[in-house]
Structures are given as C-alpha cells and as structure tokens.
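Engineer: how would this look folded up:
(chains A and B)
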Amino acid sequence: MENLNLILPEIFLSLSIFATLLIGVFFKNSYNLVTNITYIIIISLLLIIFNSFNTSGNLFSNSFISNSFISFFKILILLGTLFVMFITQDFIKETKINYFEYPLLLLFSVLGMFFMISSNDLISFYLGLELQSLALYILASIDRDNLKSNESGIKYFVLSALSSGLLLYGCSLLYGFTGSTNFEEINLKMELDNTGAIFAMVFILVGLAFKVSAVPFHMWTPDVYQGSPSSVTSFFAVVPKVAGLAILIRFVHIPFEQLIDQWKSILVFMALASMILGAIAAIGQTNIKRLIAYSSIGHIGYALAGISTGTVTGYSASITYISIYVIMNLGVFGCIFLMKKEGKYCEDIKDLTGISKQNPLLAISFLIIMFSLAGIPPLAGFFAKLYIFMSVIKSGMYTLAIVGLLSTVISAFYYLRIVKIIYFDEIKKPFDEIKNIGIASTVFLSCLILVMFFLYPSILNNIVNILSVN
Amino acid sequence: MNFPILSSITLLPTVGALFILFSRSEKNKNRNAINLSLFTSIVNFFLAIFLWHSFDKSFGGFQFVEEQNWISGFIKFKFGIDGISILFIVLTAFITPICIISCINSVKTRLKEFLIAILILETFMIGVFCSLDLIVFYIFFEAGLIPMFLIIGIWGGPKKVYAAFKFFLFTLLGSVLMLVAIISIYWITGTTDVTQIFEIKIPVKYQYVLWLAFFSSFAVKMPMWPFHTWLPDAHVEAPTAGSVILAAILLKMAGYGFLRFSIGMFPIASEYFIPLIFTLSIIAVIYTSLVALMQEDMKKLIAYSSVAHMGFVTLGIFTFTTQGIEGSIFQMISHGLISAALFLCVGVLYDRVHSRLISSYGGIVNIFPKYSFFFAVFMLGALGLPGTSGFVGEFLVLIGVFQKSFLVAILASIGIILGAAYMLWLYKRVIFGKLEQTELKELKDLNLSETIVLSSLVVTVLVFGFYPNLILNTIHASVEELIKNYEQALIFNLNAMR
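Structural biologist: Next up is the predicted model:
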C-alpha cells in the first residue's frame, strides 16, 4: 500500500475544487461565497503542507515525489495566490469580472503547478504544466467583453501552445534517447556525448524559459501583462514564475545533471540577455503594467544567473531571490490597486504624480518597494542580489557578475523615474480616498519585510539551505 | 566597556526619525518635528564627544569593537573605530544639528520629511565610518544614496531632477564594481572582516584589479577629476542643508575609504598606482581651480573648489608619509567645516535674494556687516591662511608631497595660489564695491539662528587652526600603525620577489 499522505494536498485540492464548483453552479451570484471558500481551502492547504513539510518519499512507481524543497515552493505558491486574491478582490468586483469561475481557475492553475513541481516523470510533468497553462489562458481572457483581454488570451494561448509543443517534442526525444520517462532513470541512463539528449534538453529548456519569460522567449510577456485585467496580471507576475523556476531547478538538477556544461552556457546566455533587455526595454515604457513586465523579465534574469552556476549555493540564492521577488511584486501590485483617480485605476505612469502629497504613507511604501526592486541596500532586494552574485562570483563567472551589476544600474534608472514622478512632480488630478484597509495592510506588510530584512538576512537562506541539501 | 556605544550613536538618529514620523504636525507648524530632530541630533553630538573623550589616543588599533553574527556563516556585523574614524563621526554629529537649524528657515515645504531624511542620512553616514566589515560598509555607503537622492530631488532647485539622477547613477555605477570586488575578496580570503583581511593579506596578483574596482567607487564619490561632473550639478541644485552634508561628509567617505580599505588591503597596488593618483590629483587641483575662477554661480564656484581641495586630500594620502596622511585627514575635517560654512553663507544670501549669481550682489558689506565678517573668516580658511584650520591641512600635505616629489609639490602649490585667487575675487565681487542693487538695501543682517550656526563654525575653524594637536593627537597612533603596516607589506613583497 502506497503512502497516500504524500499526495494529500493535491487530493484535497482537487476534491475541494470540484465541491466548490458545484456550489458555484447551484447558487446565483456566488462570487463572494466561492472566494471565501477559496480562502479557506488555501489556508487549510497551507496547514496540511506545513504539517508534512519534512516528509519525503515517492509514489506511483516513482512518478510523483514530495520533499521539503517541493513543500517550500508549494507554500510560496499558496501564499502568493492568497495575497494576490486578497489584493485583487475589489478590482475584480469593480471591473465586473466577478464570475465564480475566477477563483476556481486560480485554484486549477495552482493544482497544475503542484503536480508539475512534484512530478518526477516527464508525463506527469507535462500534464501538470498543461493544467496550469489551460487555466491561465482562460484567466487572461476572462474579461470577455474587452478586446484587449481577448487578444492577450489568444496571444498567450498560441505562443504557449507552440512552446508546449516544443517541450513535448523534447520530452519525446529524451524518451527516445534514454529509454525512460523517469527523471532519475534518465539521469542514470544518460551517456556522455549523447547528442540526441542534448537536443532534447534544449527543447525542454526553451519550453521552460517561455513559461518563466526569459529572453529570448519573452515576447508574449508585455502584451499579455498589459492586455489582461490587472488582477490576472498580478497573478501572472508572481505565481507561475515561482513554479517555473522550481521545475527548472529540478530539471537541471536531476535529469540533466550530467549535461551541466551544455545547459550552463544556455542559462548564462538567457540570464545575461534577460538582465540586459529587462533593464533597457523598460526605460521607454509609459504603461505601468508593461514596465512591470519588463522588470519581471530582468528579475528572472537574476534568478537564472543563480541557477546557471550549477551549484547548490546558486540554487539556494535563486530560491531566496524569487521569494523576495514575490514579496516585492505583491507590494507593487498592492500599490497599483490602491491608486485610483475618479474611480478608475491608474495605468499610465504619469498618473502617479502627487501621491506623495496626498497620501505620504502610500508614497513612502511605493518608494521603499521601488528602491528594493532596484537593489539598493539596506532593503531586501539588495540582499537577494547579494546572494546571487556571491554564488556567481564563487563560480568564477565574472562577466556575468559585472554585466548583471551594470544592468542593475541601468534598471535603477526607471525605478528612480517612478520615484521621481511620485515625489518630484506636481500634482495634477487628486486621487480617490483609500478605503480598502486590506490592501493597504498587505502593502504595509510587504514594506515592513523589505525594510526589516536586514536585521536577520539569513532567515530565508537558513530555510533554503536546508532544502538544497535534500 | 560593554555598552554598544557605536551602535547607539548610529541608530539614535533613526529612532529620532521614527518619532518624528509619528509626531503630530499639522497645527503647530512642525514645532514637534523640529524640536525632536534638534534634540536627537544634539544628544548624538554629545554622545560623539563623549566617545572622543573616552577614546584611548595612544592605541593605534580598533576600539569599542562590537561583533554580532549577522548573515549566518559568512558575514559578521562588526563595528569599531580607530583614530581615523572617530573624528569623522564627531564631524558628522556636529554638522547634522547645524543642517537642521539652517533648514528651519530655508525649507518651506514638507519640513517634516526633510528632517526625517537628514536624520536617516546621519545614521548611514555614521555607519560608514564605524563599520569594520566590507559588506556592512557597502550597505551604509550605498544606503546614503536614497535620502540624498530625495533631498536633492524634492527640495532642490529648477534642474533638480537631472542633478538627482546624475548623482544617483554616477555613484551607483562606481559602487557596483566595488561590490564585485568585495565579493571576490570574500572568496579569496574567506572573510569580509577588515581586520582579518589586513592580517591574511590578499595575494599580490589580485590586488591591482581589486584596487581599481575600489578606486572606481571612491574616485566618483571623492570626486576626482575626471569623475567629478556630478558634483557641481548636485551642489547647485541641492538645498542648502543638502549641499552642506554633501560637501562636509559624503565626500569624506571616499577619502576615508581610501585610507581604510585601499591602503590597508592593497598596499602593493596602492604603491603601484601612486603616479595615477598624483596625476589625477594635480589635474584636479589646477584645472578645477581654473574652472572655479570662471564661475558665475557662487555654489558652483564652491563646488569646484571642493574638487580642488579633495585633490589635496588624495595627494596627501598617497604620499604614505606621516605628515602627508595626517595632513590629508586634517584637510578633510577642515574642509568639512569650511565648505559647510561657505555653503551656509551662500544659503543665507539665497534665502533673502533667491539668486546664487555673483553678479546680483556687490557691496553687501554696507548692509550685512556681521555676515561679511563670518564670510571673511571662512573665505580665508578656504584659501589656507595661517591661523585657520585650512592652513594646517594644506601645509602638512605639502610637506608630505615634498618628500616624495619636488615637481608635484610645486604644482600643488600653484593650486594654492589659484585657490587664493578665486576665493578673494569671489569675496571682492560679492562683499565689497558699491551697493548697486537697490532691492538689497531693505534686507536684514543675520538672525539669531544663523548667527549661532556660523559662529559655532567660526570657533571650530579657529580652534583647530591655532591648536591643531587636538586633531593630530587623536589620529597620530592610528596613522603610524597604518604606515607601519604599509611598509611591512612592501618589504615583505620585495623579499618575496627575490
């Protein structure tokens, strides 16, 4: 008898999604009800995962595994989803996309991510990936009367389907050349000079790079971020990246362990290109969502730089980086959802003028988050970058380190520009009063973590180091 | 002594800033904020004086050392001071209350935020001078950019955005290379604790590159020619208190960095790059003095004169003689006082007339007798008149330089003459002559707070001028230690090469 406790979170999640779906169908206008149930589901899931944090093992002839590394990422995904739902609740109601399917689609996507990062087999990996993506396609176009939302959904679907196709092709090649779909067996049967396997690895990396929007597979990101409703954008910017990074680390660490020289050069290139493009392309943006899209591309570049070292310190630096990235992005989106003028949410950067006079606390929070994103000490963003470059320089990759740090200088420019608009420019139109205390406290919490991080900067590292040993 | 006095001095301003943040302000015109900030900064100044008093002047190593595990496994939060850093802490603690008093009259908008920014900046500045760990140093060094960026950008002049961005990006660009170097040092030596690195000694083959990386940061911050272009912009656009802090303390961080880190960690490379430093310094001294001569804007003139004076500092540091190094430390302290005072003097005029152009003044002595007296003392201090603190620094530096190179010393002396030229000419055009601008006639001379601020600066400038041992006694043991270590490293390297 296999120990089904390992898969308990997934079982619980799937059953509760179906149960909630029934509730949603039978009650009219059930968005609020379903949302509240979703909160309960997420919180109980968090408890379940905390409870079995350290248990590790595998299931179903080693196609599904669970350990503390995976549990950590699951918690990160859940926390991200929880806070995204929390800060977007009002926005969803005001833009009239409060269908009861909305929170359920988020949960479906989370379920897909859970399966994806726990998978130890190419087939279960692919199924998880597709479940996650399908839910995201619908979410991108959920504002169905809005042309842009539809456009972004289709764009995301077409490009993502293409990348999934490439990824699937890579999987089939890998099976053909190694004779197995299990990650560990692939690693064992991988021979050196296995050209076919290298091709497979390239295809799979391309597919994953698309999911985390690393350059040169980033083209969809700005358009989809801009077109989707802001609530969906905030989810896109936070949660799928975490899952994508987790599975990327697992891929390079287990099945492709012996191809390290090959994937290292690919990842170094992608990291460099993402950092540079993220920094330069964001300078010209005027729409805040597009700007965040490019900034997220840049940040993924830093996370990839950590992975590209191919060392355990590098992986743990990336995990720390992505965790701090989640906190910063939740803060940014919280600020965006707080800033309204005449009932409309600000999307143009120029609309942010004058917030510092009208609402000094919000302005200073935005300031802290921006400086943290730019990586200026003593904020958390600096420590995230410090860990990454510690590991990069340890591996002797000086070019990567110097280019990476120079691109932080370039990217500091556009973060500073936002600070300039908030603080230096004169007010034009007044902002609406802030009524939503929930979002405000989320922003405050995020700032508090970013500012106080320097008191005990090794907290994340200590957790993450334990994980990487496994 | 177990009480963590260094951490308290560093953190106290931030605590004060937090109190100000939560103080009530709307009704009584920021009274609370002003009182709180003055109280905090003056208490901090007395703490610093107490620290100076209880400091053991005969011991050259680090005192009041505090250690705390910080980033587990690799970085310790380490504080400690020696004779070189203690004076900069006192200087910072002295200049901050002066800035606060001066900004009460001149800052019209968002005074509360301004005071918070200045107090937080004080924390970061003192942190720079206390830290004995490279990462901790880097954090404080960089963190100072945030409040300074806001001070220039929010309360600055018409071209404030350009100046603030230029200041921020220039400094950041220089500093990231230093970060790469710091991390490399960690992987080379296994620690970022400065005292341990001094003992371990970084292998010579790495020293050159690492020295250049540190140089890129300090040269921008100093600023040395040709990296100085951000300074005139930042000074001109910053509000008076911002200029004062920038000139008095932020520029000193780089000189301090050279002394503490470049020479201490990379003695061989420092020896190797002496010609580079001398060339750049001499160009700075002569060229920027000539540029200062031609300025129309008073703040710009003083900004360029700062670059020239900093040229003396780098010259003195890289002579590696007792006189040279002590002279450059003295010069930094004295320049911290005098340039702060000069910017305050310009600020006094600017508050009344709202012009910084030299041509809008003339004949001020007829209406501002007190002001003209103060301005005269500082002007004479800036050109190095014996009896003021400016003289001692330049004189000692020149003695040090003479021992190294006759030519360089002569060129540096030309700089002093040029310095006298532009300062005297500035004074003549602003203070003397006929009072032609009729709108100036109704203005009032210094008020009480301005008199307090300027006279306290006059007293310190004269005291240090007449009794330089006050400073020299404090720094002597540490400078001897520095030079001893430097010479030992050179001899060790020579033996190794044989």
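Engineer: my guess is residue B:17 meets residue B:119, correct?
Structural biologist: Yes. Under the criterion of Cβ atoms under 8 Å, residue B:17 makes contact with residue B:119 at 4.1 Å. All C-beta atoms are positioned from the backbone trio N, CA, C, and that covers glycine.
Engineer: Which one of the two is surrounded by more residues?
Structural biologist: Legend: neighbour count by other Cβ atoms under 10 Å in any protein chain shown for residue B:17 and residue B:119, higher for residue B:119 (26 against 23).
Engineer: contacting residues for that one?
Structural biologist: Under the criterion of Cβ atoms under 8 Å, 6 or more residues apart in numbering or on different chains, the neighbours of residue B:119 are B:13, B:14, B:16, B:17, B:20, B:37, B:40, B:41, B:96.
Engineer: What score does residue 219 have for pLDDT?
Structural biologist: Reading this off chain A. At residue A:219, the model reports a pLDDT of 89.
Engineer: I was after chain B.
Structural biologist: Per-residue pLDDT puts residue B:219 at 93.
Engineer: how many neighbours does it have?
Structural biologist: 22.
Engineer: who in the stretch 351-498 of chain B is up against chain A?
Structural biologist: Residues of the stretch 351-498 of chain B found near chain A (Cβ under 8 Å from any Cβ of the partner chain): none.
Engineer: Identify the residues contacting residue 126.
Structural biologist: I went with chain A, as the question did not name one. Applying Cβ under 8 Å, 6+ apart, we find residue A:126 in contact with A:164, A:167, A:168, A:171.
Engineer: Let me rephrase: I mean chain B.
Structural biologist: Shown in contact with residue B:126 (Cβ under 8 Å, 6+ apart): B:9, B:10, B:13, B:89, B:92, B:93.
Engineer: re earlier: what do residue B:17 and residue B:119 both touch?
Structural biologist: B:37, B:40.
Engineer: Buried among the contacts of residue A:126? Need that as a selection in PyMOL.
Structural biologist: Listed next is the PyMOL selection for buried residues among these, using 16 or more other Cβ atoms under 10 Å in any protein chain shown:
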select buried, chain A and resi 164+167+168+171
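Engineer: Nearest to residue B:169, out of the contacts of residue A:126: which one, please.
Structural biologist: Top of the list for closeness to residue B:169, among the contacts of residue A:126 and by Cβ to Cβ, is residue A:167 at 40.1 Å.
Engineer: Would you tell me what helix or strand the closest one is located in?
Structural biologist: helix A:147-178 (DSSP states H and E).
Engineer: For the helix or strand following that helix, report the contacting residues that lie outside it.
Structural biologist: As assigned by DSSP H and E, the chain's next helix or strand after helix A:147-178 is helix A:183-189. Applying Cβ under 8 Å, 6+ apart, the external contacts of helix A:183-189 come out as A:62, A:120-122, A:174, A:178-180, A:250-251, A:254-258.
Engineer: Strands along chain A, start to end?
Structural biologist: With DSSP state E applied, chain A shows strands at A:57-59, A:64-66, A:340-341, A:344-345, listed in chain order.
Engineer: Could you list the buried residues of whichever helix or strand residue B:211 is part of?
Structural biologist: Counting by DSSP H and E, the element that carries residue B:211 is helix B:204-221. Within helix B:204-221, the residues scored as buried using 16+ other Cβ under 10 Å are B:204, B:206-207, B:209-221.
Engineer: Tell me the spacing between the single nearest residue of the stretch 301-450 of chain B relative to chain A and residue B:340.
Structural biologist: Here the stretch 301-450 of chain B gets closest to chain A at one residue, residue B:354, 19.2 Å apart by Cβ to the nearest Cβ. Separation of residue B:354 from residue B:340 (Cβ to Cβ, to the nearest Å): 21 Å.
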